[in-house]
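**Q** Coordinates for the following, if possible.
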Amino acid sequence: MKTIITTYFLLMFVLFSVKSYSQQVQIITNQGNWQLLLNNKPYFIKGVVGHTYLEKVKEYGGNSVRIGFRKEELDKAHLLGLKALVNLPANSERYGFDYNDTEAVKKQTEKIVEIVQKTKDHPAVMMWAIGNEIDWIPGNKPYNPKLWDAINDAAKAIKRIDPNHPVMTVIGTSSMEKVAEIVKQCPDLDLLGINTYGDIYTLPETLKKYGWNKPFVIAEWGPDGYWEVPKTAWGAPYEQTGREKLDCYEQKYRKAIETGKCLGSYVFYWYHKQETTHTWFSMFNEKGEETPLPKLMKMLWTGGRDVNLAPVADSMNINEFVRYQDIILKAGTAHKAVVTATDPDKDELTFHWEIRPEAVYASYAGQGEKTPDVIQGLIQQQKREISFTTPVEKGAYRLFVYVSDGNKQFSTANLPFLVE
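**A** Numbers count the residues shown, from 1 in each chain. Below you'll find the predicted structure:
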């Protein structure tokens, strides 16, 4: 009987704690800036996009994760003391959804409300995000502005059953005049989430220009996007080297994120993925090895240097070609390539090179995109400087190099080239 009573009071304590906790997410103004409060204490979001390697998020000083609404994901985040920006499913016209179909919109809202009802008391939940870039249609085609009405209706429905967690929608930075539409049509949103890359520095001014006077979160950021960088004559974008990414991430964080104009950010992508290349946004590889970026985030989040940092691929050259010069080579011919790389801890470096065909680009965010296979037999040695033979088939290719330090850390660089 004593055990039953003890268990009962423990259960009631947990339920009360969860309920009380859900009332402690607030957004206030502080000296002209917006500030997020968690349990009445200032909370600056140091977050990641992704649901893997969450232990490292915690270890490296992060405090939040942008994830889905599955209980297993939220449980794991809570176990580690991480708070969640929870993605809610709002469909897009790019997938065939019709915002003129009132019945379909109604069902979507009901589904969102059902998820919130089941999830709102989970202690990991911090904020809700209704959809992700739902206005974007490949080719920057015009969207149905009724989607903003649907977003606002969903926000109102959420707040009727859960007044304790702020509600946003997440947009990209294409056609930012849409912000004026959101201001007019979505008065029930508490804040805005922005996915921003190369244009992150001008974001506050852009939001102000179109009348947004509420808080915002940088819901996704990372290297300069493949849609923003120089391209070859055949349309292959130039990916930043390991050094360029390292400098880019640090500068964006220091100049555009920690300035106090936003409530914090979610860095992209705390895993690996194929999107134009398999290295463009990946902060880890498929083995779980780290690029220099996770420990850079540790330094930015905590102010402390890790005891051992990743090597950095500074630059890469094929023959005498210089940066952004089209590299056009004959089929089956021999050429040279070299990488310049350093290691902050003077660790001994090893090198691995490979040639892959250029990927067939997806129409949106790498969805359905496949990582091209390595072409075997073209590179004989794996050193800092190599000789390689071009493929016999004409077409677009990339030469990749991976620089490793023996401590499960690596850095990459690549160059596109055309075989004629």
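**Q** make it CA atoms for all contacts and neighbour counts henceforth
**A** Will do.
**Q** how about the helices in this protein?
**A** Shown for the chain, the helices assigned by DSSP state H span residues 2-21, 54-59, 71-79, 102-119, 146-161, 178-185, 203-209, 242-252, 293-302.
**Q** Tell me which of these lies nearest to Gln325.
**A** Closest to Gln325 of the helices of the chain, according to CA to CA: helix 242-252, at 17.5 Å.
**Q** what mean pLDDT does the closest one have?
**A** On average, the pLDDT along helix 242-252 is 98.
**Q** now swap in stretch 29-47 and tell me
**A** Here the average pLDDT along stretch 29-47 is 92.
**Q** quick one: contacts of that stretch?
**A** Around stretch 29-47, the neighbours that count as contacts under CA atoms under 8 Å, 6 or more residues apart in numbering are 21, 24-28, 57, 61-66, 215, 260-267, 301.
**Q** How about exporting that stretch as CSV, limited to the C-alpha atoms?
**A** C-alpha atoms of stretch 29-47 as CSV (Å, rounded to 0.1, in the frame of the first residue of the first chain):
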residue,chain,number,x,y,z
THR,A,29,11.2,42.9,-24.8
ASN,A,30,14.4,43.8,-23.1
GLN,A,31,16.1,47.2,-23.9
GLY,A,32,14.5,47.3,-27.3
ASN,A,33,15.3,43.7,-28.2
TRP,A,34,13.1,40.6,-28.0
GLN,A,35,14.1,38.0,-25.5
LEU,A,36,13.0,34.4,-24.9
LEU,A,37,12.4,33.3,-21.3
LEU,A,38,12.3,29.7,-20.2
ASN,A,39,11.2,29.3,-16.6
ASN,A,40,11.6,33.1,-16.2
LYS,A,41,15.3,32.9,-17.2
PRO,A,42,16.8,34.3,-20.4
TYR,A,43,17.2,31.6,-23.0
PHE,A,44,19.1,32.2,-26.2
ILE,A,45,18.6,29.3,-28.7
LYS,A,46,21.8,27.4,-29.5
GLY,A,47,20.2,24.8,-31.7
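**Q** list the buried ones in it?
**A** 34-38, 43-47 (16 or more other CA atoms under 10 Å).
**Q** Gly193 reaches Thr169, doesn't it?
**A** Yes: shown here, Gly193 and Thr169 form a contact pair, counting by CA atoms under 8 Å, at 5.9 Å.
**Q** Any idea how many residues pack against the residue nearest to Gly211 when sequence neighbours are not counted?
**A** What sits nearest to Gly211 in space, not counting adjacent residues and going by CA to CA, 6 or more residues apart in numbering, is Ala180, at 6.0 Å. Number of residues near Ala180 (other CA atoms under 10 Å) recorded here: 16.
**Q** Of the buried residues of stretch 29-47, which belong to strands?
**A** Within the buried residues of stretch 29-47, residues falling in strands by DSSP state E are 34-38, 45-47.
**Q** between the helices of the chain, which gets the lowest average pLDDT?
**A** Note on those: helix 2-21 shows the lowest mean pLDDT, a mean of 38.
**Q** returning to that earlier point: give me every residue that touches the residue nearest to Gly211.
**A** 210-212.
**Q** Let's see if you can find the most crowded of these.
**A** Neighbour count (other CA under 10 Å) singles out Trp212 as the most crowded of these, with 19 neighbours.
**Q** For the closest residue to Gly193 other than its chain neighbours, list each beta-bridge partner.
**A** Distances taken as CA to CA, 6+ apart place Val170 nearest to Gly193, at 4.3 Å, with adjacent residues excluded. The partner list for Val170 in beta bridges (DSSP bridges) reads Asn132, Gly193.
**Q** Surely Val170 is in contact with Leu191?
**A** No: in this structure, Val170 is not within contact of Leu191 by CA under 8 Å, at 9.5 Å.
**Q** tell me the contacts of Tyr364?
**A** Residues near Tyr364 by CA under 8 Å, 6+ apart: Pro138.
**Q** roughly how far apart are it and Val48?
**A** 21 Å (CA to CA, to the nearest Å).
**Q** try Pro166
**A** Taking CA to CA as the measure, Pro166 falls 19 Å from Val48.
**Q** Compare these two and say which one has the larger neighbour count.
**A** Val48 (28 against 20).
**Q** Brilliant, that's me finished.
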